[in-house]
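# Take a look and give me a structure for this.
(chains A and B)
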There are 2 protein chains.
Amino acid sequence: MLSNPPQTRKDQILDTAERLFSERGYHATTIREIAHALELEGGSLYSHISGKHELLYQIVLRGSEQFLRAARESIAEGGGARAQLLRFMQRHLAIIAESRPRAIVHFHEWRHLGPQAQADIRARRDEYEAYLRQIIREGVARGEFAAGDERAIGLHVLSLLNWTYQWYQPGGTWNARDLAEQYFELLMRGLAPH
Amino acid sequence: MLSNPPQTRKDQILDTAERLFSERGYHATTIREIAHALELEGGSLYSHISGKHELLYQIVLRGSEQFLRAARESIAEGGGARAQLLRFMQRHLAIIAESRPRAIVHFHEWRHLGPQAQADIRARRDEYEAYLRQIIREGVARGEFAAGDERAIGLHVLSLLNWTYQWYQPGGTWNARDLAEQYFELLMRGLAPH
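Okay, the predicted model is just below:
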């Protein structure tokens, strides 16, 4: 197999910046610190990226694309809406569980993007939410889900999933897959007695 | 009515630090900037607080106490477990909706507290979660809720509630009270058709 050094190098830079942004916050992290952690001269970092803001944007963009791919796969694999929703939840939690620094930057530090970059990322988040609503809408149409406010149901599901970035530790009681099933079961059956 | 200047002054300091921490992050905000925003000399700020870390701790502590009071009231007002849970959810969302900077510092910037302060805050969060689990446990015992993993149900509810700090805007589609009811209804009835 041929390796692909430029891609690898870029990912290594994004991973390092991601970790530092997640630890101290975007504004408190300098390009010099990122270069130092990569054992690079500050100047040579600029041959890969145009600046700190660009780094933040590339990190958040990479995460958004990962979520979007996961959503498209969850739908493309077919089955009913229930099966699609469970896969959507499992994949979403797997991405968060895979890298805590990535999740922190994705869900928190992204606020420090400029207006244009934020609008770009928001559009991708809206697209992601639209995939989820599509699953819900089809589930209601097919009689797999009870009717309800599609936006509220989508927010309900995303809240469950996204909040894990705050508390999830690999190696705890639940792995990401079990947790997705726990949440899915309660979401489906509800807390009221049957 | 007599005013209470020392308390007011401290709250004013905490509110200002809270806003600045929420905007740029804890590490990127200096004591000098906080003093400047308060139109104080840096030195005179130290007659109120011992330093930046103490400010962060006092802000997060104030929030934790607010959540704990709300939980105790939700239980003390009695009624069944359903009524207590709905009140718990309404009060929790009302606190988040009241001040976005407070919620951002409470849920995100608190990570920058030192180990001892974090342990202290974690103990209060555990206490808060214990109130929620108490409501759930009593609801199951009284037949108001279906049996299930108490910890998973608690996390389910807290995820719904806490995630709002990321997206909630006053004046949007739902006020905090309506949103709590939306979440409560879906939580109770579930997404499966009846």
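
# Contacts only, for the closest residue to chain B within chain A.
When scored by C-beta to the nearest C-beta, chain A has A:Gly190 as its residue closest to chain B, at 2.6 Å. Glycine gets a C-beta too; all of them are placed from N, C-alpha and C. Each residue near A:Gly190 by C-beta atoms under 8 Å, 6 or more residues apart in numbering or on different chains is listed here: B:146, B:186-192.

# So which of these is the closest to B:Phe67?
Using C-beta to C-beta, B:Leu187 is the member of these that lies nearest B:Phe67, at 19.1 Å.

# how about that closest one, what does it touch?
Contacts of B:Leu187 (C-beta under 8 Å, 6+ apart): A:156, A:190-191, B:156-157, B:160.

# Of all the residues in the host helix or strand of it, which ones are buried?
B:Leu187 is part of helix B:176-189, with elements assigned from DSSP states H and E. For helix B:176-189, a neighbour-count test (16 or more other C-beta atoms under 10 Å in any protein chain shown) marks B:176, B:179-180, B:182-184, B:186-188 as buried.

# Identify, by residue count, the longest helix of chain A.
As assigned by DSSP state H, the longest helix anywhere in chain A is helix A:115-141.

# now that one: mean pLDDT?
Regarding helix A:115-141, the rounded mean pLDDT is 97.

# Next secondary structure element downstream of that helix?
Remark: after helix A:115-141, the chain's next helix or strand is helix A:150-167, criterion DSSP H and E.

# Report whether that next one contacts chain B.
Yes: counting by C-beta under 8 Å from any C-beta of the partner chain, chain B is contacted by helix A:150-167 at A:151-153, A:155-156, A:158-160, A:162-164, A:166-167.

# coming back round to it: of the contacts of A:Gly190, closest to chain A?
Proximity of these to chain A (C-beta to the nearest C-beta) peaks at B:Gly190, which lies at 2.6 Å.

# Nearest residue to that closest one in space, ignoring adjacent ones along the chain?
Nearest residue to B:Gly190 in three dimensions, chain neighbours excluded: A:Gly190, at 2.6 Å (C-beta to C-beta, 6 or more residues apart in numbering or on different chains).

# tell me what the helix or strand of chain A with the lowest mean pLDDT is packed against?
When each helix and strand of chain A is scored by mean pLDDT, DSSP states H and E, helix A:42-45 comes last, with a mean of 76. Identification of packing neighbours for helix A:42-45 by 3 or more C-beta pairs under 8 Å, 6 or more residues apart in numbering or on different chains; DSSP states H and E yields helix A:31-37.

# to the chain's geometric centre, what's the distance from the helix it packs on?
The chain centroid and the centroid of helix A:31-37 are separated by 25 Å under C-alpha atoms, centre = their mean, to the nearest Å.

# Below-threshold pLDDT in chain A: ranges please.
Within chain A, the stretches with pLDDT under 70 are A:1-7, A:42.

# if we can go back for a sec, next up, phi/psi of the residue of chain A closest to chain B, please.
When read as degrees, to the nearest 10, the backbone of A:Gly190 gives phi 80, psi 170.

# Could you measure from it over to B:His194?
Separation of A:Gly190 from B:His194 (C-beta to C-beta, to the nearest Å): 9 Å.
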